[in-house]
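**Q** Coordinates only, no sequence provided:
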C-alpha cells in the first residue's frame with residue numbers, strides 16, 4: 001500500500017500551543033456552519049465557495065448556450081490603486097469585498113449601491129515588510145459578522161449590517177515582520193488565519209480564534225523553535241530532527257499565507273506551508289541534509305484542539321521557494337474502482353497531488369505543466385521527488401535555471417473543480433528562475449533571507465536577450481484530470497499570473513487574464529465563448545450568485561501583485577492598474593468609462609558615474625532589498641515608482657534624504673539607515689544610474 005512513513009506521526013498525542021480555552025456556541029442565526037457546508041447555491045459564503053474549496057457553482061442560468069448574452073450589470077471603482085486579489089462573498093443580498101490595504105466594502109448585490117465601508121488604516125510603511133504588494137484575498141462570514149485579516153497582522157470582526165468594529169485582535173507577534181494577505185476561514189465557530197513572510201525572520205503557524213470574542217484558542221507552529229526553550233508538542237520535537245545548525249535564529253519560515261480548508265466529513269483542517277528560511281539550505285542545515293519539516297507541506301490538524309493528524313511534504317528540503325500554500329480542494333474520487341475522500345493540490349513545484357483526506361496517504365502525483373527540470377518525477381509509492389542533482393546549486397557551486405521558478409507553476413490564483421466534468425481548472429505559469437549559491441552570504445543580512453547570489457540573476461542589458469527571455473515567459477489555463485493524471489485541454493496565454501477560475505453547472509469556466517480580458521470557456525472542451533475587456537489585468541478569482549431569479553457573475557479587477565512589483569523588465573507592467581468590481585448578468589449592456597491614457601515616461605538620466613566596485617555592490621544590495629518593490633534590474637512595474645526616472649538620481653544628498661533618512665516615509669518609503677550606511681546607499685544610486693543609462697541607450701538604438 002502506498003504510504004508515507006511520516007503519516008505514522010498521527011499516533012502521537014499532540015496538542016496545540018496551550019490548553020485550548022472554551023469556545024463559544026456555534027452560530028444559529030445569520031451565516032451558519034450548515035449553510036457553509038451546503039455549498040454555493042444562490043449565495044457564496046466562503047472564499048472557496050464551500051468548505052471543500054471547489055469553486056464550483058450549481059447555478060446554470062448562465063450556460064454555454066447563452067453566455068454570449070452576458071453583459072455588465074454594474075461596476076464600482078475602488079480607491080486603492082494596487083493589485084486586487086479578493087473573491088467577493090454574497091449573503092442576504094449584500095456583496096462583501098476586500099480591496100488592497102485590507103479595506104472592506106459592502107454593496108447591494110443587485111444595484112451596486114455602497115452600503116458601508118471600513119478602513120483598518122494599515123500603516124503604509126508596512127509595505128516594506130511585504131513581498132508581493134498590499135493585497136488582500138477576501139473576508140469570511142459567520143453569524144452576523146464579517147472577518148478581515150489585515151496586512152499589519154490583525155484579525156478584525158465587523159458587524160455585517162453596519163461595518164462597525166466588534167473586536168480587533170493582533171495575531172502576529174508584536175514587532176514581527178509578518179503580514180497577512182490571505183482570507184480567513186471558518187470552522188466550527190472558529191476563525192482560522194496564518195500569516196505571510198517566510199523570508200523575514202519568521203516562524204510559521206496556523207492560529208484559531210473564537211468567532212464571537214476573538215480569543216485565541218490554539219496555535220500550531222509549522223517549524224520547530226529553539227530546542228533550548230523546549231518544544232510545544234511532539235510534532236515540533238519530531239520536526240526538529242529534520243533541521244540542523246541553528247535554524248531558529250532565522251525563524252525557520254513555513255508560513256501559512258493561504259490555503260486553509262476545513263472538511264466536515266473527516267473533521268480535519270488542511271493547510272499548506274511556505275518555504276523554509278532562507279531558501280538556500282546551506283544556511284539552515286549547516287551540518288548536513290534535512291527535510292526542514294513542516295515547510296513546503298500539507299499539514300492536517302484537528303479543529304477543536306489544533307492537534308496534529310498527518311502531514312505530507314511535497315518538496316523536501318525546499319531550496320527553490322516552492323511554497324505549498326496553493327488552494328487545497330477536497331472531493332470524492334473513484335480510484336481503482338473505489339470511492340475515496342481525497343485532497344487535491346497543485347503547488348508551485350509543478351506536480352498535481354492526490355492524497356487520502358483521512359490519513360495523508362500518497363495516491364498519485366503527476367506533472368500539470370511541461371518542462372519541469374528540478375525533479376524527474378515522483379516516487380510512485382511515497383510521492384518523494386527524484387531531485388535533479390544540478391538543481392542543488394548550493395552543492396554544485398554552479399548556477400541553476402529552474403523550471404518552474406519561484407513564481408511557481410501555480411501560485412495563489414485559485415483553481416476550481418467541476419464534479420460534472422471531473423476536471424480541475426488551474427491557472428499555470430511558465431517563469432524560469434535563476435538560482436546561485438552565495439558563498440559570502442551571512443545570516444542576518446538585510447533584505448530577503450535567501451542565501452543566494454542574487455546579483456547574478458539580474459536582467460541582461462542586451463536588447464535581443466531581453467526579448468528572447470520575455471518571449472519565453474507565459475501562462476496557460478489547464479484542465480487537469482486528477483484521476484488519470486493527465487491534461488485534458490489547455491489554453492495558452494501570452495503572460496503568467498492570470499486570474500483564478502470559477503466552474504459552473506452551466507458547463508462554463510470563467511477566468512480573467514493579465515492582459516485585460518474576462519473570459520468564459522466551455523468546461524468540457526476549453527472553447528472560448530465570450531470575453532469582456534476589463535481595461536486592466538485580472539488576478540482575482542470570480543464568483544457567482546443569484547437574486548430574484550437572476551444569476552450574476554462578479555470579479556475584482558486591478559493589476560498588481562508579485563509579478564508587477566518584482567518582475568520589472570521581465571514583464572511586470574503588462575497593463576495599468578484600474579481597480580474595480582465588475583458584476584455581470586444576462587442581457588445587461590453596461591459600459592466602462594473610457595480608459596485614460598498613461599503618459600509615456602522618457603529616460604533622461606544624468607551621466608553615469610562611480611567605480612565598477614561601487615556599482616557591483618549597489619547591484620547586489622539593490623537586487624536583494626529594493627527589487628521586490630522597484631523591480632528587477634531597476635525596471636518597475638505599473639504600481640511602484642521606477643527609480644530610473646527618479647529626480648534624485650543626479651542629486652546625491654536628496655537620494656540620501658529619501659533612502660537613508662526616510663524623507664518619504666509617509667508614502668511608504670521608510671528610512672533604511674538601520675540596514676545600510678551612506679556608502680552602501682550611494683552604491684545603490686550609482687547602480688540605478690548605470691541601469692538608467694543602459695536602458696536609455698537601448699531605447700535610442702544604441
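**A** Arrived safely, thanks for sending. Owing to the predicted nature of the structure, the values given are computational and were not obtained by experimental measurement.
**Q** How about stretch 478-489, which residues are buried there?
**A** By 16 or more other C-beta atoms under 10 Å, the buried positions in stretch 478-489 come out as 478, 479, 480, 481, 482, 485, 487, 488, 489. Backbone N, C-alpha and C define where each C-beta goes, glycine included.
**Q** Show the contacting residues for residue 330.
**A** Contact partners of residue 330, counting by C-beta atoms under 8 Å, 6 or more residues apart in numbering, are 51-54, 261, 263, 265, 270, 341-344, 357.
**Q** Please, which helix or strand holds the residue nearest to it when sequence neighbours are not counted?
**A** Closest residue to residue 330 apart from its sequence neighbours, by C-beta to C-beta, 6 or more residues apart in numbering: residue 52 at 4.2 Å. For residue 52, there is no host helix or strand (DSSP states H and E).
**Q** Double-check residue 52 against residue 331; I have them as touching.
**A** Yes - Residue 52 is within contact range of residue 331, at 6.2 Å (criterion: C-beta atoms under 8 Å).
**Q** any idea how far the closest residue to residue 311 other than its chain neighbours is from residue 324?
**A** Take residue 311 and drop its neighbours on the chain: the residue closest to it by C-beta to C-beta, 6+ apart is residue 299, 4.5 Å away. Distance of residue 299 to residue 324, given as C-beta to C-beta, to the nearest Å: 9 Å.
**Q** Need the overlap of contacts for those two.
**A** Both residue 299 and residue 324 are in contact with 272, 273, where contact means C-beta under 8 Å, 6+ apart.
**Q** who's more crowded, the two?
**A** residue 324 (31 against 26; other C-beta atoms under 10 Å).
**Q** list the contacts for residue 335?
**A** Counted by C-beta under 8 Å, 6+ apart, residue 335 has contacts 342, 354, 363, 364, 483.
**Q** Just put these in JSON lines and tack on distance to residue 398, pLDDT and secondary structure.
**A** Output for these, formatted as JSON lines (distance: C-beta to C-beta, whole Å; pLDDT from 0 to 100; DSSP: H, G, I helix; E, B strand; the rest coil):
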{"residue": "342", "distance to residue 398": "39", "pLDDT": "98", "secondary structure": "strand"}
{"residue": "354", "distance to residue 398": "35", "pLDDT": "98", "secondary structure": "strand"}
{"residue": "363", "distance to residue 398": "36", "pLDDT": "98", "secondary structure": "strand"}
{"residue": "364", "distance to residue 398": "33", "pLDDT": "98", "secondary structure": "strand"}
{"residue": "483", "distance to residue 398": "39", "pLDDT": "98", "secondary structure": "coil"}
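**Q** Return the member of the residues you listed nearest to residue 628.
**A** Using C-beta to C-beta, the shortest approach to residue 628 within the contacts of residue 335 belongs to residue 354, at 34.2 Å.
**Q** which residues in the stretch 51-200 of the chain form strands?
**A** 56-57, 70-77, 89-91, 94-98, 104-108, 114-118, 140-142, 145-149, 154-159, 165-170, 185-187, 190-193 (DSSP state E, counting those that start in this stretch).
**Q** next SSE after the last one?
**A** Meaning strand 190-193. strand 205-210.
**Q** Over to residue 623. Which of the three states is it?
**A** helix (DSSP: H, G, I helix; E, B strand; the rest coil).
**Q** give me every residue that touches the nearest residue to it once chain neighbours are set aside.
**A** Once flanking residues are discounted, residue 623 sits nearest to residue 454: 4.4 Å by C-beta to C-beta, 6+ apart. Counting by C-beta under 8 Å, 6+ apart, residue 454 touches 438, 620, 623, 624, 627.
**Q** The same query, at a cut-off of 7 Å, please.
**A** By C-beta atoms under 7 Å, 6 or more residues apart in numbering, the contact set of residue 454 is 620, 623, 624.
**Q** Where does the first one fall, secondary structure wise?
**A** Of the helices and strands defined by DSSP H and E, residue 620 is found in helix 612-625.
**Q** quick one: least confident helix or strand in this protein?
**A** Every helix and strand of the chain was ranked by mean pLDDT, DSSP states H and E. The lowest is helix 463-472, at a mean of 75.
**Q** how about that helix: buried residues?
**A** For helix 463-472, the neighbour count (16+ other C-beta under 10 Å) marks 466, 469 as buried.
**Q** so what secondary structure elements neighbour the helix or strand just after that helix?
**A** Next in sequence after helix 463-472, counting helices and strands by DSSP H and E, comes strand 474-481. For strand 474-481, the elements it packs on are strand 423-430, strand 486-493, judged by 3 or more C-beta pairs under 7 Å, 6 or more residues apart in numbering; DSSP states H and E.
**Q** I'd like to know how many residues surround residue 589.
**A** Residues near residue 589, counting by other C-beta under 10 Å: 8.
**Q** The residue nearest to residue 493 when sequence neighbours are not counted bridge partners, please.
**A** Excluding the flanking residues, the one nearest residue 493 by C-beta to C-beta, 6+ apart is residue 475, at 4.4 Å. Counting by DSSP bridges, residue 475 forms beta bridges with residue 429, residue 493.
**Q** show me what contacts residue 475?
**A** Counted by C-beta under 7 Å, 6+ apart, residue 475 has contacts 427, 428, 429, 430, 493, 495, 496, 497, 498.
**Q** and the second one, what pLDDT?
**A** The pLDDT attached to residue 428 in the predicted structure is 98.
**Q** the strands in the stretch 501-650 of the chain, which residues?
**A** Using DSSP E, counting those that start in this stretch, the strands of the stretch 501-650 of the chain run over residues 501-504, 508-512, 517-522, 528-533, 543-547, 550-557, 580-586.
**Q** before we move on, back to that, any quick PyMOL command for the buried ones out of the contacts of residue 335?
**A** In PyMOL, this line selects whichever of those come out buried by 16+ other C-beta under 10 Å:
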select buried, resi 342+354+363+364
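**Q** what does stretch 687-694 rub up against?
**A** Counting by C-beta under 7 Å, 6+ apart, residues outside stretch 687-694 touching it are 461, 603, 605-606, 608-609, 615, 618-619, 622, 633-634, 643-644, 649.
**Q** Pull the number of nearby residues for residue 75.
**A** 18.
**Q** mind listing what the one residue sitting closest to the centre of the chain touches?
**A** Note on the chain: the residue nearest the mean C-alpha position is residue 412, at 3.8 Å, using C-alpha atoms, centre = their mean. The contact partners of residue 412, by C-beta under 7 Å, 6+ apart, come to 258, 325, 326.
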